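Undergrad: need the 3D shape of this:
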Amino acid sequence: MKHNLLLSACLLVAVNAAYADTPVKTAVPSREIPIEQVMTHDPVLARQGDRFYLFATGEGVSVMSSSDLKTWKFEKPVFEEAPQWAVDAIKGYHGHTWAPDIIYHNGLYHLFYSCSAFAKNTSAIGHATNPTLDPSDARFKWTDQGKIIQSVPNRDMWNAIDPNIIIDEAGTPWMSFGSFWDGIKMVRLTDDLARVAQPEEWYSLSRRERSFELDDKDPGDGAVEAPFIMKHGDYYYLFVSFDYCCRGMKSNYKVVVGRSKTVTGPYLDKDGKSMAQGGGSLVIQGNTDYVGVGHNAAYHFDGKDYFICHAYSAKEDGAPKLIIREMTWTPDGWPIVAW
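TA: This next block holds a predicted model:
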């Protein structure tokens, strides 16, 4: 027990370092740990062969792997050094890299990642590729492909973080993203996922009311972020997180959803309200065990759907823990997460 407490303390230091202004280099532990001990922010998953790979906020993008989603092994981060283009472009960014997304497309694993400074839209989304996720494969190498988009204070009323990529039924790639300001945006990408497609095609997917008197540089009080789109049946489902993360025991994160028959929306909640007008039906929120839960992803593996996110543990003073739950569906097609 003493060893487990020490390990948990070390993990909490590592997670906190991910949100610090100064990068902290940490050794990669060699042992596996149960999911109950995994501390993380903003997790996403990919599977190659019989192994799952988790990518999350952290120094250089944190990576873990598992054969069963229950026991996890630390892997080396994606970047040993911060991408120089991002250091040059984003004041305050030193390598602690946020909210990635991972997708396999045209023979490559594509990782999208966020470079920013907390509570500012001085932000950019970058892109890296690898032919394999298996570190033992001779081909294993992350190649940074540079910037996809960048937001600039006083120019843009959106924030270039929290990317999510989906390929629609026509084979067209789209990137949704956003946090606070004017909400969640979507832009069409080129077929190789390397840049914004021309002519540019943009959509607003989810917004919450923002106080008019706030300065444009202020994130605002329209607390929505972390989009993730999943196709199920005839619908695309847009999950977003409402309210506030990253406040420990004061976090009140929750996940809401809407759906649309077209990937670009409009996404409507159960009451028919557009998410672009503040709508969203509750999927999951805090309880007595976790004070806030959010920044989710959703996947279909081996005939089951899974909901993955982080949540702030009440019994561990708000420590951010990895949550993976099976997701089922109501008869009329709305997601249910056992909680």
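
Undergrad: confidence score at Met1?
TA: In this prediction, Met1 carries a pLDDT score of 37.

Undergrad: actually Val28, sorry about that
TA: Predicted confidence (pLDDT) for Val28: 70.

Undergrad: that one should be in a strand, yeah?
TA: No. Per DSSP: H, G, I helix; E, B strand; the rest coil, Val28 lies outside any strand segment and is coil.

Undergrad: what's the neighbour count on it?
TA: When neighbours are counted by other Cβ atoms under 10 Å, Val28 registers 12. From N, CA and C alone the C-beta is placed, and that goes for glycine too.

Undergrad: for it, give its distance to Thr97.
TA: 16 Å (Cβ to Cβ, to the nearest Å).

Undergrad: cool, and Thr57?
TA: Taken as Cβ to Cβ, the span from Thr57 to Thr97 is 7 Å.

Undergrad: neighbour count winner among those two?
TA: The neighbour comparison of Thr57 against Thr97 (other Cβ under 10 Å) goes to Thr97, with 29 against 24.

Undergrad: isn't that one right up against Phe112?
TA: No. With contact defined as Cβ atoms under 8 Å, Thr97 and Phe112 do not form a contacting pair (10.7 Å).

Undergrad: name all residues that make contact with the closest residue to Lys270 other than its chain neighbours.
TA: Leaving aside its sequence neighbours, Lys270 sits nearest to Ser281 (Cβ to Cβ, 6 or more residues apart in numbering; 4.3 Å). By Cβ atoms under 8 Å, 6 or more residues apart in numbering, Ser281 lies in contact with Val256, Val257, Gly258, Asp269, Lys270, Asp271, Trp334.

Undergrad: what's the closest of those to Tyr236?
TA: Gly258 (9.5 Å; Cβ to Cβ).

Undergrad: so what's that closest one bridging to?
TA: Beta-bridge pairing for Gly258 (DSSP bridges): Leu238.

Undergrad: ok, Arg188 next?
TA: Arg188 has the following beta-bridge partners by DSSP bridges: Trp174.

Undergrad: Val312: neighbour count?
TA: To be clear, residue 312 is Tyr; Val isn't right here. Counted with other Cβ under 10 Å, Tyr312 comes out at 26.

Undergrad: which strands and helices sit next to whichever strand or helix holds it?
TA: Taking DSSP states H and E as the criterion, Tyr312 maps to strand 304-313. Contact here means 3 or more Cβ pairs under 8 Å, 6 or more residues apart in numbering; DSSP states H and E; on that basis strand 304-313 packs against strand 44-48, strand 281-285, strand 290-301, strand 319-329, strand 335-337.

Undergrad: need the winner for burial among the ones you listed.
TA: strand 290-301 (a mean of 23; mean count of other Cβ atoms under 10 Å).

Undergrad: and that one, what's its mean pLDDT?
TA: 98.

Undergrad: repeat that for stretch 306-326.
TA: Mean pLDDT, computed over stretch 306-326, is 98.

Undergrad: mind saving the C-alpha coords of that stretch as CSV?
TA: Output in CSV follows, covering the C-alpha atoms of stretch 306-326 (Å, rounded to 0.1, in the frame of the first residue of the first chain):
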residue,chain,number,x,y,z
TYR,A,306,-16.7,2.4,-25.1
PHE,A,307,-16.7,5.8,-23.5
ILE,A,308,-13.4,7.1,-22.3
CYS,A,309,-12.7,10.3,-20.3
HIS,A,310,-11.0,11.7,-17.2
ALA,A,311,-12.8,12.4,-13.9
TYR,A,312,-11.8,14.1,-10.7
SER,A,313,-11.7,11.7,-7.8
ALA,A,314,-13.5,12.8,-4.6
LYS,A,315,-11.6,10.4,-2.4
GLU,A,316,-8.2,11.5,-3.8
ASP,A,317,-8.7,15.2,-3.4
GLY,A,318,-9.7,15.8,-7.0
ALA,A,319,-7.0,13.8,-8.7
PRO,A,320,-7.7,13.3,-12.4
LYS,A,321,-8.3,9.6,-13.1
LEU,A,322,-8.8,7.5,-16.3
ILE,A,323,-12.3,6.3,-16.8
ILE,A,324,-13.4,3.7,-19.3
ARG,A,325,-17.0,2.5,-19.4
GLU,A,326,-19.1,0.5,-21.8
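
Undergrad: so how far is that stretch from its chain's centroid?
TA: Here stretch 306-326 is found 14 Å from its chain centre; the criterion is Cα atoms, centre = their mean, to the nearest Å.
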